[in-house]
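Chemist: Pasting the sequence and the predicted coordinates here, then a few questions.
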Amino acid sequence: MHRRQFTFALGAAGLAAVAAPLRAATRPGKIDVIVLGAGVAGLNAAWTLEQEGLRVLVLEGRQRVGGRVHTLFDLPGYPEMGFNSMGDGYGRGIGWAKRTGLELVEVGQRYRMGKEQGLWLGGKPIPRDQWAASPLNPFPKDYRAFMPWEASSVAVAKHNRLTDYTTWLEPSARPLDISLNAFLTAQGFSQDAIRLANDVSPFHGTTAHDVSALMLEFGVGFVKNQLSAGPNSWSIKGGNERLPKAMAATLKGDILLGKEVVAIDSRADVAEVRCADGSVYQAPRVICSLPFSTLRNVHVTPGFTPLQSRAVASLPYQRLSIAFITASAPFWDADGHSPGMWTDSILGSVTPQRYGSSVDQISGFVVQARGQLSDVWDRLGPQTALARIVAKLEEMRPAAKGKLKAHRMFSWTQEYFNAGDWAYFGPGQIADFVPTMAQPSGRVHFCGEHTATAARGLEAALESAERAAVEVLGL
Ligand SMILES: Cc1cc2nc3c(=O)[nH]c(=O)nc-3n(C[C@H](O)[C@H](O)[C@H](O)COP(=O)(O)OP(=O)(O)OC[C@H]3O[C@@H](n4cnc5c(N)ncnc54)[C@H](O)[C@@H]3O)c2cc1C
């Protein structure tokens with residue numbers, strides 16, 4: 001990769017804050033850059049620097065690479081607990097799959113196959129064609145025909161105040177950084193309607209009060225842009241975690257696992273990283289890909305600017321718990337309802353996985369609890385939560401009785417090295433945090449999905465790594 005291939009502009013302030021650019025092989029036999037975290041952001045940063053001839057050491061707290069790309073390889077159909085799929089516009093993600101020779105598989109069709117997920121409120125199914133007239137439907141007139149999982153995103157897309165989604169960080173967008181609750185209220189949603197459209201199963205935040213509408217409007221623009229590149233959703237054949245494993249295998253430098261970083265000290269001449277096991281590593285620069293949800297437990301000296309400190313301490317991360325269950329017989333054929341469910345019960349949402357011997361065969365169900373429901377599952381603990389999920393499903397759908405097996409519960413909120421799923425912004429936080437939260441601090445540079453400004457998800461993590469590498473190289 002040639003330096004000219006980096007196409008985005010750097011903040012001049014960011015460069016001014018750090019030491020002189022690093023050049024390749026400046027310190028024979030020594031490490032040039034320590035990368036913290038072996039998720040896709042850390043791995044992409046390490047690879048990018050190695051392409052420029054720098055020697056890189058990666059420190060990872062877990063005993064595996066991949067972070068939020070995590071596949072349960074021991075369960076049927078290799079269920080994904082983390083990253084699921086990428087769109088046709090994921091140039092970096094698709095590029096990495098090609099570079100490492102991994103086969104991509106189109107998974108969008110597998111999710112669209114069969115009947116669409118069914119709505120279950122108060123334990124009873126409500127077919128789509130009866131929803132608009134249902135007495136349980138609290139939506140305003142223009143939204144009554146939309147299912148609860150559609151109404152909020154339809155409203156954000158229909159009334160998106162960003163004519164160009166790439167302007168979401170410009171000062172002109174600052175007044176738009178209101179809560180989703182305020183945004184939906186302005187569209188005629190009552191509090192009951194907002195609760196059903198968002199709070200029962202939120203992708204961001206716990207309630208619509210604590211998520212920024214501006215962030216969601218940017219997200220809608222990003223997805224639209226993805227769709228303009230093509231309609232496909234791609235996963236890695238055999239499990240997504242094969243991608244970070246393959247990325248790690250391309251690195252020349254060491255990746256040390258089980259290295260929980262507890263302190264980063266940026267001095268005049270060197271940066272020093274200390275781990276929980278007492279080991280200490282030094283290099284002229286550090287790239288830190290740790291989510292702020294875990295960075296806030298790391299002792300960083302000389303410390304951040306006041307706004308950065310607030311961002312590190314308070315950037316919220318989504319609460320999400322996932323269960324994986326299988327069925328020994330197709331109970332959905334027996335009762336005639338869709339295998340997929342969206343509920344207001346302890347079941348959360350139930351999504352069939354079609355990774356059996358043929359593309360239409362259901363290999364299991366991913367059950368998701370988001371927001372407050374995630375906390376409920378976590379408080380119950382895996383064993384009790386799984387038992388209650390099975391009991392509720394059998395109660396709502398008697399045809400499932402005796403046919404279900406609960407395999408695993410996985411909580412991103414409880415994961416020591418993530419403490420939450422993806423980062424999101426609360427109302428007002430975009431203008432407060434984004435301009436400075438990823439700026440270099442002494443010899444330390446920051447990347448990770450939470451620091452990206454142009455993309456979302458996996459592509460965001462990869463994007464952020466390029467920016468951090470460019471900073472280190474002083475390009
Ligand atoms: C359930 C779920 C579904 C998703 N679905 C999609 C999707 O369909 N499409 C999409 O584009 N994106 C999706 N994503 C998002 C995508 O997976 C992430 O954006 C991306 O993987 C984040 O990469 P990262 O490197 O920034 O962070 P991470 O993967 O979290 O990497 C950070 C690394 O730092 C390590 N670490 C943390 N603290 C320490 C410490 N103190 N010391 C040492 N190491 C530490 C962690 O172990 C981890 O390996 C999903 C995520 C989840 C959880």
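Modeler: Ah, there it is. Here the structure is a predicted model, which means the values were calculated and not measured.
Chemist: burial of residue 449, as a residue count?
Modeler: 25 (other CB atoms under 10 Å). To be clear about C-beta, it is placed using only N, CA and C from the backbone, and glycine gets the same treatment.
Chemist: ok, now which ones touch it?
Modeler: Residues counted as contacts of residue 449 (CB atoms under 8 Å, 6 or more residues apart in numbering) are 41, 68, 291, 422, 423, 456, 457, 458, 460, 461, 464.
Chemist: tell me which of these is nearest to the ligand?
Modeler: Nearest to the ligand among the contacts of residue 449 is residue 457, at 2.3 Å by CB to the nearest ligand atom.
Chemist: What values do phi and psi take at the spatially most central residue of the chain?
Modeler: Closest residue to the average C-alpha location of the chain: residue 422 at 3.8 Å, with CA atoms, centre = their mean. Here is the backbone geometry of residue 422 (degrees, to the nearest 10): phi -80, psi 160.
Chemist: before we move on, the earlier item: buried ones only from the contacts of residue 449, please, as a ChimeraX command.
Modeler: With 16 or more other CB atoms under 10 Å as the criterion, this ChimeraX line picks the buried residues out of these:
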select :41,68,291,422,423,456,457,458,460,461,464
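Chemist: export the contacts of residue 449 to JSON lines and tack on distance to the ligand, secondary structure and pLDDT?
Modeler: Below are the contacts of residue 449 laid out as JSON lines (distance: CB to the nearest ligand atom, whole Å; DSSP: H, G, I helix; E, B strand; the rest coil; pLDDT from 0 to 100):
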{"residue": "41", "distance to the ligand": "3", "secondary structure": "helix", "pLDDT": "98"}
{"residue": "68", "distance to the ligand": "4", "secondary structure": "coil", "pLDDT": "98"}
{"residue": "291", "distance to the ligand": "5", "secondary structure": "coil", "pLDDT": "98"}
{"residue": "422", "distance to the ligand": "5", "secondary structure": "coil", "pLDDT": "97"}
{"residue": "423", "distance to the ligand": "9", "secondary structure": "strand", "pLDDT": "98"}
{"residue": "456", "distance to the ligand": "6", "secondary structure": "coil", "pLDDT": "95"}
{"residue": "457", "distance to the ligand": "2", "secondary structure": "helix", "pLDDT": "97"}
{"residue": "458", "distance to the ligand": "4", "secondary structure": "helix", "pLDDT": "98"}
{"residue": "460", "distance to the ligand": "6", "secondary structure": "helix", "pLDDT": "98"}
{"residue": "461", "distance to the ligand": "3", "secondary structure": "helix", "pLDDT": "98"}
{"residue": "464", "distance to the ligand": "7", "secondary structure": "helix", "pLDDT": "98"}
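Chemist: ok, which pair from the contacts of residue 449 is furthest apart?
Modeler: Based on CB to CB, the longest span within those runs between 291 and 456 and measures 15.0 Å.
Chemist: How about the residue nearest to the centre of the chain, nearest residue that isn't a chain neighbour?
Modeler: Taking CB to CB, 6 or more residues apart in numbering, and ignoring the residues beside it in sequence, residue 422 has residue 318 as its nearest neighbour in space, at 5.4 Å.
Chemist: and if you look at residue 144?
Modeler: Nearest to residue 144 is residue 132, by CB to CB, 6+ apart, at 4.5 Å.
Chemist: Residue 184 versus the one you found, what's the distance?
Modeler: In this view, residue 132 and residue 184 are 19 Å apart by CB to CB, to the nearest Å.
Chemist: between those two, who's got more neighbours?
Modeler: Neighbours were counted for residue 132 and for residue 184 using other CB under 10 Å; residue 184 has more, 25 against 13.
Chemist: wait, that one sits on residue 209?
Modeler: No: if you go by CB atoms under 8 Å, residue 184 and residue 209 don't touch, sitting 10.7 Å apart.
Chemist: and residue 332, what does it touch?
Modeler: Contacts of residue 332 by CB under 8 Å, 6+ apart are 338, 339, 397, 399.
Chemist: In a strand, residue 265, correct?
Modeler: Yes: secondary structure assignment places residue 265 in a strand (DSSP: H, G, I helix; E, B strand; the rest coil).
Chemist: Would you confirm that the residue nearest to the centre of the chain contacts residue 317?
Modeler: Yes: between residue 422 and residue 317 there is a contact at 6.9 Å, judged by CB under 8 Å.
Chemist: what's the span of stretch 184-197, first residue to last?
Modeler: 10 Å (CA to CA, to the nearest Å).
Chemist: and that stretch, which residues are buried?
Modeler: 184, 185, 187, 189, 193, 194, 195, 196, 197.
Chemist: ok, for the first one, nearest residue in space, not its chain neighbours?
Modeler: In other words, residue 184. Excluding the flanking residues, the one nearest residue 184 by CB to CB, 6+ apart is residue 194, at 5.1 Å.
Chemist: Look up the pLDDT of the one you found for me, please.
Modeler: Residue 194 is assigned a pLDDT of 98 by the prediction.
Chemist: same question, residue 127
Modeler: Per-residue confidence at residue 127 stands at 97 (pLDDT).
Chemist: Give me the phi and psi angles of it.
Modeler: Per-residue torsions, residue 127: phi -60, psi 150 (degrees, to the nearest 10).
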